[in-house]
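>>> Show me the folded form of this:
(2 chains)
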Amino acid sequence: MKRTIHFTLNGAPVEAEIAPHWNLVELLQREFDLFGARESCAQGLCGCCTVLVDGTAVSGCLFLAAFADGAEVVTVEHAPDGKLDPVQEAFIACGAFQCGFCTPGFVLMARELLRLHPDPDEDEIRHYLAGNLCRCAAYPEIVAAVKLAARNMRKSD
Amino acid sequence: MAMGSGQVGRSVPRLEGAAKVTGRAEYVHNLRLPGMLHGKIVRSTVAHGRIRAIDTAAASALAGVHRVVTIADIRKVVREPFYGPAFHDQPILAADKVHYVGEPIAVVLAADPHVAEAAAQLVVADYEELPAVYDEVEAMTSAAIVHAELKPAWTFPDLKHLQGRRNTNVALDFHLRRGDAEKAFAEADHVFEHTFRTQQVLHLPLEPFVSVAEASGGADDGRLIIHTASQSPSFVRAEIARLLGWPENRVRVKVPYLGGGFGAKLYIKLEALVASLALLVRRPVKISLTMEEQFYTLTKHASTFRIKSGVKNGRITARACEVWWNGGAYADIGPRITQKSGFTAAGPYDIDNVVIDSYSLYTNLTPAGALRGFGIPQLVFAYESHTDLIARALKLDPVEFRRANILREGRPQATGTLMQDAAIEAVLDRLAARMNWGKPFDRGSGTLRRGRGIAIGFKASISPTTSIAIVNVAADGSCTLYCSTVDMGQGSDTANAQLVAEVLDIAAEQVTVVHPDTDVTPYDMATLGSRSLFHMGNAVRLAARDAREKIAALARELGLPEGSNVPVTELFQKKYKMQAGNIIGVGSYIPSYAPPDHDTGQTPNATPFWMVGAAGAEVEVDTETGHVRVTRLVNVADVGRPINPRIVETQLSGAAIMQLGFTLQEKVEIDGGQVVNASLADYKIPSFVDIPSDIQSEAVEAEQQSGPFGGKGVGESGTFAVSPAIANAIDDAVCVRLTSLPLTAETLYRALRAAQGAPLED
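Residues are numbered from 1 along each chain as shown, chains lettered A, B, ... in the order given. Coordinates of the predicted model:
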């Protein structure tokens, strides 16, 4: 029942043999040792498993691995120049996480937000990130981090 | 080398920051081992019943299934397979009886987790159902007895008085008697009595429980390595060794980062099970629970609290407290919660005559344990709602009434212990100031009514407990800290590195912190109850000081003049003629403690330090729907001197937001013993849409003289007072009092209609 799929993972062409029932999180963990996307609620409600597929954020726990065939997949581990990006730097500077389990999802969503809205206000930040849960509740710090990242990205433009 | 002075009190960014924002931080979740099997737990479908048979044939026959395991198999490797920190009451898999819906009765092992999951559905158990009890007050007198005989453990010195009892659901009763309450009630101008209830809720860390075990060697030289998301690696090692009859040094427990803990991942959860399975099948075994299964593992105690106060001339002269704790099917740490929280059940007030009776009850629900506050948030909800009701009835300002009765420094608390380094007054004052309490307040109009409320609570630390730390200075001058404190997000790695750095005059960022590994890191009681910064912090400070003294001794040995300040690298070079050697500093800390008198609960030394937390809330109530919006939430706490101010603030606001969920939205719904909302779809935790836009947190200026550089614990303080502050604010807005958590729109709307004389039908 296994089949082979081909896709782009964090900028590099890859192939993988998958079972039809695997989800994207399993594919990333089992075949590529990427653990930044994590299955937590398994219902697409917490955002811990966020992955970008063809530029769109998806819940990796609800996204069948087979659908990644031919797609461009980006995970939190993607670092084209090997450095932290402004969102990651701002999360560290503002202390925008505690246990860190949900953090990759927030980082990816914050990046998407800033790509679409370079200067979001607090309501826009809250609304855009409302699908990600943080049980440690570092929510005020996450808002501060997104604002800081936005400022720094505008400065460097 | 950077100067060490100023390492404490600096907001050092978390040492593991880069690992966490890149998704590369290490969690047990990530671990896979060669030949590893995945275990899927089969769970009880009845709340209380005798197991007639478990049919594993169909599951065993499924292709890819390695083995199906029941208690009969477990007994081949563990003769007495019962564990627990207070009672040895919990079986590794159900033995003879099941005690709650969701209790593990069997495990399916397979290399493919999907196969294990499918096979688990094929296991069929047959039960003879028994009468069950779910309510903590009913459990006091119920004919349904959860355990025929109680089996106390002897692990903790302060639980030694627990005795095995029969025909009772009471796992522990704690009693406190101070003064003459009966007389004071008779002489009071007013007597008030209310009953409050809190609901069962869940820790729900986003990393669900997960453990992996690997076994090696034979019967006499066997070893076990357990990788586990645990807050208590030292306890896991000792308890697994006890179960196996092994010396502790054959069990190795390793803990990387935790994806949240909050008191869930304590004592034994999956560790005894994976250890038994690994020994049984001689292959590594991993069990990762799903989000749903967390609902069948550990909860926070539901509680009922009947509280009565006598007031004379505006002073509380007597208080009587009866508290019933719903411990679920296994005691876990419930008896300790019952006793320790019992110390402070009368609140942070100066009351001469106090009666406290606190009961830990077995019921047929998922076991309950500590959840960010060790019972204190349940108590504060009751005593601060009650205190507010008294102030309102006497037409006294809630802040002024509290001020008139507050427990001041140097005064005896209900146990007789004198208050020391507890900034209760300062916390109340700062809260009132931040709430602009003396200023006019917009009360809204029409169907949108506004109100505000405050509350304050306090907590005794768990005592006596031990922490040991090792500081290793290498020949190149770099420094490594070995300790068994678990960083589950509270920032302990960073704070401990700051303490080492402060003593050794280096930068905190230069200290490497080795994560708990019981082969390597020394004993620590556990990471719980806000104890680590104080206990481990003291041990770390002592270890660093020991290292510093040994460096000075080495300098003397080498004939260098006192205070010559030769770099440590040169000292090693001079001594060993090359870059070689170590200096090892060791620190061990246990505070003094006097156990309470069994009959009166009196003790001169109830705790090494006090935690104080207060909250203020402003709310907006829609009287047409009962919907409550918290528009402002202010948290003020005494945390001693903040070691890392930014992390302290996040701990305070994070705790308050978590408690906000327990106040307004979260509740484990149970129907006939069955949890009916065991998923994040139906059990809603706070998200960005649920939190106030105005959240403020403040650590008052304070110092814990016995703490490391004046610091003390902070993890729980933000939870204490949120629930009653909101209940008080709702009463302030619409003159309706809710006495049960959670404070949902439906309960408030029903109460509003009842107050209007037009109650809704059920």
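
>>> So for B:Ala422, what's the nearest residue that isn't a sequence neighbour?
Excluding its sequence neighbours, the residue lying closest to B:Ala422 (Cβ to Cβ, 6 or more residues apart in numbering or on different chains) is B:Trp610, at 3.8 Å. All C-beta spots, glycine's among them, are computed from the backbone N, C-alpha and C.

>>> any idea which residue sits dead centre in chain A?
Nearest residue to the geometric centre of chain A (Cα atoms, centre = their mean): A:Leu108, 3.5 Å.

>>> Return the residues in contact with it.
When the contact criterion is Cβ atoms under 8 Å, 6 or more residues apart in numbering or on different chains, the partners of A:Leu108 are A:Thr50, A:Val51, A:Leu52, A:Ala57, A:Val74, A:Val76.

>>> Next, count neighbours for the residue in the stretch 251-400 of chain B that chain A sits nearest to.
Going by Cβ to the nearest Cβ, chain A is nearest to B:Gly259 of the stretch 251-400 of chain B, at 3.1 Å. Using other Cβ atoms under 10 Å in any protein chain shown, B:Gly259 is surrounded by 28 other residues.

>>> so it sits in a helix?
No: using DSSP: H, G, I helix; E, B strand; the rest coil, the assignment for B:Gly259 is coil, not a helix.

>>> For chain A, which residue gets nearest to chain B?
A:Gly36 (2.1 Å).

>>> Let's see the pLDDT reported for that residue.
Note on A:Gly36: pLDDT of 98.

>>> count of residues packed around it?
A total of 28 residues lie near A:Gly36 under the criterion other Cβ under 10 Å.

>>> For it, which three-state class applies?
At A:Gly36 the chain is in coil, as set by three-state DSSP.

>>> secondary structure element for the nearest residue to it once chain neighbours are set aside?
Leaving out its chain neighbours, the residue that sits closest to A:Gly36 by Cβ to Cβ, 6+ apart is B:Gly23, at 2.1 Å. Using DSSP states H and E, B:Gly23 maps to neither a helix nor a strand.

>>> go on, B:Val540?
helix B:532-557.

>>> Likewise for B:Ala754?
In the assignment (DSSP H and E), B:Ala754 maps to helix B:745-755.

>>> next one: B:Pro642
Assessed by DSSP H and E, B:Pro642 sits outside every helix and strand.

>>> and chain A, what are its domains?
A:3-74, A:86-156 (automatic domain parsing).

>>> closest to B:Ala61 out of those?
Comparing the domains of chain A against B:Ala61 with Cβ to Cβ, the closest turns out to be domain A:3-74 (20.8 Å).

>>> would you list every one of the strands in the stretch 1-150 of chain B?
With DSSP state E, counting those that start in this stretch as the criterion, the stretch 1-150 of chain B has strands at B:37-43, B:49-55, B:65-69, B:82-83, B:90-91, B:97-98, B:104-110, B:124-129.

>>> which of the residues in the second one are buried?
So that's strand B:49-55. Buried positions in strand B:49-55, judged by neighbour count with 16 or more other Cβ atoms under 10 Å in any protein chain shown: B:Gly49, B:Ile51, B:Ile54.

>>> wouldn't B:Phe534 be in contact with B:Phe709 here?
No: judged on Cβ atoms under 8 Å, B:Phe534 makes no contact with B:Phe709 at a distance of 11.1 Å.

>>> and these two? which has more neighbours close in?
B:Phe534 (27 against 19).

>>> pLDDT at that one, what is it?
98.

>>> coming back round to it: wait, which of the strands of the stretch 1-150 of chain B is closest to chain A?
With Cβ to the nearest Cβ as the measure, strand B:37-43 is the member of the strands of the stretch 1-150 of chain B nearest chain A (12.0 Å).

>>> can you give me the end-to-end distance of stretch B:102-121?
14 Å (Cα to Cα, to the nearest Å).

>>> same check, this time on stretch A:43-60
Its start and end residues considered, stretch A:43-60 measures 10 Å (Cα to Cα).

>>> contacts for that stretch?
Contacts for stretch A:43-60 (Cβ under 8 Å, 6+ apart): A:23-25, A:28, A:37-41, A:61-63, A:67-68, A:71-76, A:101-102, A:104-106, A:108-109, A:112, A:131-133, B:206, B:291, B:679-681.
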